[in-house]
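*Asks:* 3D, please:
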Amino acid sequence: MTFAGIRTRALDPAIERALADAVDTGSLDPAAANRLIEADIDTLPLLLEAACAVRDRRSGRTVTYSRKVFLPLTNLCRDQCAYCTFVRRPSDPQAWTMTPEEVLAVAEAGQRAGCREALFSLGDKPELRYASYRQWLARHGYARTIEYLRDMCELVLERTGLLPHANPGVMTEEDIALLRPVTASMGLMLESTSERLLERGGAHRGCPDKVPAVRLATIEAAGRLRVPFTTGILIGIGETAAERVDALYAIRSLQDRYGHIQEVIVQNFRRKPDIRMRDWPEPTLLDMLRTIAVARLILGTTTAVQAPPNLMPDGYDAYLLAGLDDWGGVSPVTRDYINPERAWPHLGELKRRTERMGFTLRERLAVYPSFLLRGDEFLDPRIRERVRGFVDPGGLVPIDEELW
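*Replies:* Numbers count the residues shown, from 1 in each chain. Here you go, the predicted model:
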């Protein structure tokens, strides 16, 4: 068998059949997935080829991104993940909770720079851990962070027209219903289905909001409420290859049931000097290529597969060889507060590197075109009305060369 002019050894016929079936049916056999997630150099080319065939069926040669402004509403959190540099304690000089004035100022800067998405990221339920933060909320008229977030989403929506995408952590169905009228989409990374990571020494030790069943329940609740949703896996935090596969199938199961997952992120862990996992090995580019490709084959054409370009700056364009079709949110205004040492690529560079690989880069909104074209099923009427002025008939943002 050959790939791009390179002859490889004969492959296991069962793997070849599974890849062919995945291309034809949009679904990968679990036994094959567990082998392909660790594909060797002989199997890798065929894996990538199959993933690209499925991607091309879904999105052709168009790769999307969202021009966003990052609003880290609060970096207080009740969880203490071993890989997180975002979260701070109230006594830390770097702890913050943004005031409405600060939220609006950053959103307005994003509006001036041509952004259309306001990404709200924040710690998970810090009021359950810190009395001082509960007092801060009470002074501002709130009992819970989710209520404050709701009003900040409305503030940004009404004053700037930017479309909020909210990542507040684990949510109940009532929480999601509260945010739905003032957001275009929401998200929660599944990260992993591994219960082992909650044990002593694990990346999720002492993190009640990282229990896999709890996170899956949030994703499912969003499906019941018809919310365009983002989720994904975080690789390299101590999970096994088989556990990565298990997490991807858990996402596919919910997608098959509700059809609300618009993008699945494959995110790679990166070391930082101020985290407990500062000496932990990072995933390689090969790890990312295999995982992205297997994700594409498991998810089929049901959803976009995304990976952050700033977390593998020397090789992110190779992700396109593994079936990726979205770069996620990229900000010309604000840094990545979750990975502050990793600058976003300049939008012009992102465009050049995407086109160099034979693709067209197009801007999308925080809600994907396929959801825009389905009436009011997935969007509150107020959000849908605002969206109409942003997109062309295909649901993407019209090309404006001046913004590059």
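*Asks:* For the rest of this, base every contact and every neighbour count on C-alpha atoms.
*Replies:* OK.
*Asks:* Contacts only, for residue 207.
*Replies:* With contact set as C-alpha atoms under 8 Å, 6 or more residues apart in numbering, residue 207 has these partners: 78, 79, 80, 81, 198.
*Asks:* One more: residue 258?
*Replies:* Contact analysis of residue 258 by C-alpha under 8 Å, 6+ apart lists 220, 223, 224, 226.
*Asks:* Just those: which are in strands?
*Replies:* Among these, DSSP state E puts none in strands.
*Asks:* hey, where'd the strands end up in the stretch 251-400 of the chain?
*Replies:* For the stretch 251-400 of the chain, applying DSSP state E, counting those that start in this stretch gives strands covering 261-268, 304-306, 326-330, 360-364.
*Asks:* Distance to residue 103 and mean pLDDT added to the ones you listed, as JSON lines?
*Replies:* Formatted as JSON lines, the strands of the stretch 251-400 of the chain follow (distance: least, C-alpha to C-alpha, whole Å; pLDDT from 0 to 100):
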{"stretch": "strand 261-268", "distance to residue 103": "26", "mean pLDDT": "98"}
{"stretch": "strand 304-306", "distance to residue 103": "27", "mean pLDDT": "98"}
{"stretch": "strand 326-330", "distance to residue 103": "18", "mean pLDDT": "96"}
{"stretch": "strand 360-364", "distance to residue 103": "23", "mean pLDDT": "97"}
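*Asks:* Enumerate every residue touching the residue nearest the centre of the chain.
*Replies:* Geometric centre of the chain, nearest residue: residue 265, 4.1 Å, by C-alpha atoms, centre = their mean. Residues near residue 265 by C-alpha under 8 Å, 6+ apart: 189, 230, 231, 232, 233, 305, 306, 307, 308.
*Asks:* mind redoing it with 10 Å?
*Replies:* 189-191, 230-234, 292, 295, 304-308, 324, 326-328 (C-alpha atoms under 10 Å, 6 or more residues apart in numbering).
*Asks:* Please apply the same query to residue 185.
*Replies:* 117, 119, 163-167, 179, 222, 226-230, 261-262, 365-368, 378-379, 383.
*Asks:* Let me know the pLDDT of the closest residue in space to residue 199 that isn't next to it in sequence.
*Replies:* Nearest non-adjacent residue to residue 199, counting by C-alpha to C-alpha, 6 or more residues apart in numbering: residue 205, 5.5 Å away. Model confidence at residue 205, given as pLDDT, is 96.
*Asks:* Could you report the neighbour count for residue 205?
*Replies:* 19 (other C-alpha atoms under 10 Å).
*Asks:* and if you look at residue 181?
*Replies:* 16.
*Asks:* Just want the angle from the longest strand anywhere in the chain to strand 326-330.
*Replies:* If you go by DSSP E, the chain has its longest strand at strand 62-74. Here the directions of strand 62-74 and strand 326-330 differ by 40 degrees (axes from the mean of the first three to the mean of the last three C-alpha atoms, to 10 degrees).
*Asks:* just checking, next helix/strand downstream of strand 62-74?
*Replies:* The helix or strand immediately downstream of strand 62-74 is helix 100-112, counting by DSSP states H and E.
*Asks:* which residues sit against that following helix?
*Replies:* 67-73, 97-99, 113-120, 148, 151-153, 155-157, 159-162, 331-334.
*Asks:* Let's see that with 8 Å instead.
*Replies:* So helix 100-112 is in contact with 68-69, 71, 73, 116, 118, 152, 155-156, 159-160, 162, 332-333, going by C-alpha under 8 Å, 6+ apart.
*Asks:* Could you dump the residues you listed into JSON lines with distance to residue 246 added?
*Replies:* Output for the contacts of helix 100-112, formatted as JSON lines (distance: C-alpha to C-alpha, whole Å):
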{"residue": "68", "distance to residue 246": "31"}
{"residue": "69", "distance to residue 246": "33"}
{"residue": "71", "distance to residue 246": "32"}
{"residue": "73", "distance to residue 246": "32"}
{"residue": "116", "distance to residue 246": "34"}
{"residue": "118", "distance to residue 246": "31"}
{"residue": "152", "distance to residue 246": "36"}
{"residue": "155", "distance to residue 246": "39"}
{"residue": "156", "distance to residue 246": "37"}
{"residue": "159", "distance to residue 246": "42"}
{"residue": "160", "distance to residue 246": "41"}
{"residue": "162", "distance to residue 246": "36"}
{"residue": "332", "distance to residue 246": "35"}
{"residue": "333", "distance to residue 246": "36"}
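*Asks:* ok, and the most crowded of these?
*Replies:* For the contacts of helix 100-112, the largest neighbour count, defined by other C-alpha under 10 Å, is 32 neighbours, found at residue 118.
*Asks:* need the helices for the stretch 301-404 of the chain, in chain order.
*Replies:* In the stretch 301-404 of the chain, the helices defined using DSSP state H, counting those that start in this stretch lie at 347-356, 369-372, 381-388.
*Asks:* Can you check what angle separates the first one from strand 326-330?
*Replies:* Right, helix 347-356. 180 degrees.
*Asks:* List the buried residues in helix 347-356.
*Replies:* Within helix 347-356, the residues scored as buried using 16 or more other C-alpha atoms under 10 Å are 347, 350, 351, 352, 353, 354, 355.
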